[in-house]
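Chemist: attaching a predicted model along with its sequence, questions to come.
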Amino acid sequence: MPAKPASTTSEADAAAGVAELARAKINLALHVVGQRPDGYHLLESLVTFADIGDRLTFMPSDRDRLTISGPFSGSIAPDASNLVARARDGLRHLLTKRGLTASPAAIHLEKNLPVASGIGGGSADAAATLRGLLRLWQAEAFAADDMDALALSLGADVPMCLRERPALARGIGEDLSPLADLPALPLVLGNPLRGVSTPEVFSRLRSKRNPGMEAFGTSDWITLLSRLRNDLEDPARELVPEIGEISALIAAQGARLTRMSGSGATCFGIFASRAEAEQAAAALRTLRPDWYFQAAETVTGSPSSPLSKTPNDVTEG
Ligand SMILES: C[C@](O)(CO)[C@H](O)COP(=O)(O)OP(=O)(O)OC[C@H]1O[C@@H](n2ccc(N)nc2=O)[C@H](O)[C@@H]1O
Ligand SMILES: Nc1ncnc2c1ncn2[C@@H]1O[C@H](COP(=O)(O)OP(=O)(O)OP(=O)(O)O)[C@@H](O)[C@H]1O
């Protein structure tokens, strides 16, 4: 049985295919505050999402297909291990158990984000696949309650990537409190194009029980952020010493604050304006053409902001 009966605009959209932006995730701060018996670490992390990312399209097809293009397509395979395929298969399993149809789909992934770089590319792709296929299969209303559990089964970052809104993440990253007040932050992202293994960075942590985040006001986010940390930065620097250099290069362009995101190696710098961030990224690309530098701006938490209306629902004609 199809997931939605009447002929509607969304049905027409679904037949034509849908598109999703898988936004880069930025850990503005990441405190490791404990460890669960299963080895996963307990975190307190301020996360937000950029207006740049991977792009995915979903079309009805005679059989499942996954194709990949884009600057970083060479770093991942379009096979069953890809988080896009794992998200598709997990969602189909959930829907078919309920007697719903989850017909074959041709998915195309434009891989714009460096892989294994601490900005959650794979997690964002998995989340975008869940959102996109729910729309293609017109099953949003049927699966909403189960999406968080499915997302978490794909990775600790996937529930936050499903929402793509600023949040304080606790637990292993799945316990999310929205941060409606976080403003749009102009950024430069920089990566030395050396992949980092997340488990390896966690395993090099010297202390697994570090101070959490104090209660914070929201008047001056730069001051607040400057008091916070990324506890994974020191262990990541042991693996990729270029992190220090990237951070220093971004700071030298006038960033108000620089830090590493996630398990690295991507570092971000917060700039006063989008124009300054663009200028800095261009200068950095000239200095180090072999590294990745990208200007971006983060989304806001407010549903009435223009950014929150545009993100995920471009429909392809
Ligand atoms: C570092 C962060 O990116 C911060 O947002 C995330 O915590 C990692 O999220 P992710 O890549 O979606 O993580 P998963 O794919 O679930 O886990 C990869 C590996 O990272 C380690 N891991 C991850 C999350 C967490 N809270 N504690 C951990 O120790 C575990 O060794 C795990 O096997
Ligand atoms: N679609 C995908 N995009 C990127 N990586 C993928 C994808 N599918 C599977 N992977 C695998 O997932 C691993 C982590 O890649 P990803 O780019 O998500 O890391 P990350 O940016 O460090 O994530 P995080 O910030 O969540 O730790 C890589 O080793 C990669 O081989």
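Modeler: Perfect, I can see it now. Note that the coordinates shown come from a computational prediction; the quantities given were computed from them, not determined experimentally. Ligands and ions are numbered 1, 2, ... in the order given.
Chemist: surely His271 is in contact with Ala184?
Modeler: One correction, residue 271 is Phe, not His. No - with contact defined as C-beta atoms under 8 Å, Phe271 does not reach Ala184; the gap is 11.7 Å. All C-beta atoms are positioned from the backbone trio N, CA, C, and that covers glycine.
Chemist: more crowded one of these two?
Modeler: Ranked by neighbour count (other C-beta atoms under 10 Å), Phe271 and Ala184 place Phe271 first, with 25 against 18.
Chemist: just the residues of the stretch 1-150 of the chain that are near ligand 2, which are they?
Modeler: Within the stretch 1-150 of the chain, the positions lying close to ligand 2 (C-beta under 6 Å from any ligand atom) are 76, 82-84, 115-123, 125.
Chemist: pull out the buried members of those.
Modeler: For these, a neighbour count by 16 or more other C-beta atoms under 10 Å gives the buried set as 76, 82-84, 116-123, 125.
Chemist: next up, the contacts around whichever residue of the chain sits closest to ligand 2.
Modeler: Among all residues of the chain, Gly122 sits closest to ligand 2, at 2.7 Å; criterion: C-beta to the nearest ligand atom. Contacts for Gly122 (C-beta atoms under 8 Å, 6 or more residues apart in numbering) come out as 76, 83, 115, 155.
Chemist: what does the stretch 51-200 of the chain have sitting close to ligand 1?
Modeler: Near ligand 1, when you scan the stretch 51-200 of the chain using C-beta under 6 Å from any ligand atom, you find 120, 123, 155-157, 172-173, 198-199.
Chemist: counting neighbours, which of the residues you listed comes out on top?
Modeler: Busiest of these [other C-beta under 10 Å] is Gly120, holding 31 neighbours.
Chemist: count of residues packed around the nearest residue to that residue once chain neighbours are set aside?
Modeler: With sequence-adjacent residues excluded and distances taken as C-beta to C-beta, 6 or more residues apart in numbering, Gly120 is closest to Lys25, at 3.5 Å. If you count neighbours by other C-beta under 10 Å, Lys25 ends up with 28.
Chemist: tell me the secondary structure at Lys25.
Modeler: When classified by DSSP: H, G, I helix; E, B strand; the rest coil, Lys25 comes out as strand.
Chemist: got a list of what it touches?
Modeler: 47-49, 119-120, 123-124, 157, 160-161, 261-262.
Chemist: again with Ala248
Modeler: Contacts of Ala248 by C-beta under 8 Å, 6+ apart: none found.
Chemist: correct me, but Gly132 touches Leu56?
Modeler: Yes - between Gly132 and Leu56 there is a contact under C-beta under 8 Å: 5.8 Å.
Chemist: nearest spatial neighbour of Ala296, skipping sequence neighbours?
Modeler: That would be Ala50: by C-beta to C-beta, 6+ apart, it lies 3.9 Å from Ala296.
Chemist: beta partners of that neighbour?
Modeler: Thr298 (DSSP bridges).
Chemist: if I look at it, how far off is ligand 1?
Modeler: Noted for Ala50: a distance of 14 Å to ligand 1, by C-beta to the nearest ligand atom, to the nearest Å.
Chemist: just Asp38 next, same as before
Modeler: Taking C-beta to the nearest ligand atom, one finds Asp38 at 9 Å from ligand 1.
Chemist: try Leu232
Modeler: Counting by C-beta to the nearest ligand atom, the gap from Leu232 to ligand 1 is 6 Å.
Chemist: now for that residue, how many residues are close by?
Modeler: With other C-beta under 10 Å as criterion, Leu232 counts 27.
Chemist: surely it is in contact with Ala29?
Modeler: No - contact criterion C-beta under 8 Å: Leu232 and Ala29 do not qualify, at 10.8 Å.
Chemist: with that, I have no additional questions.
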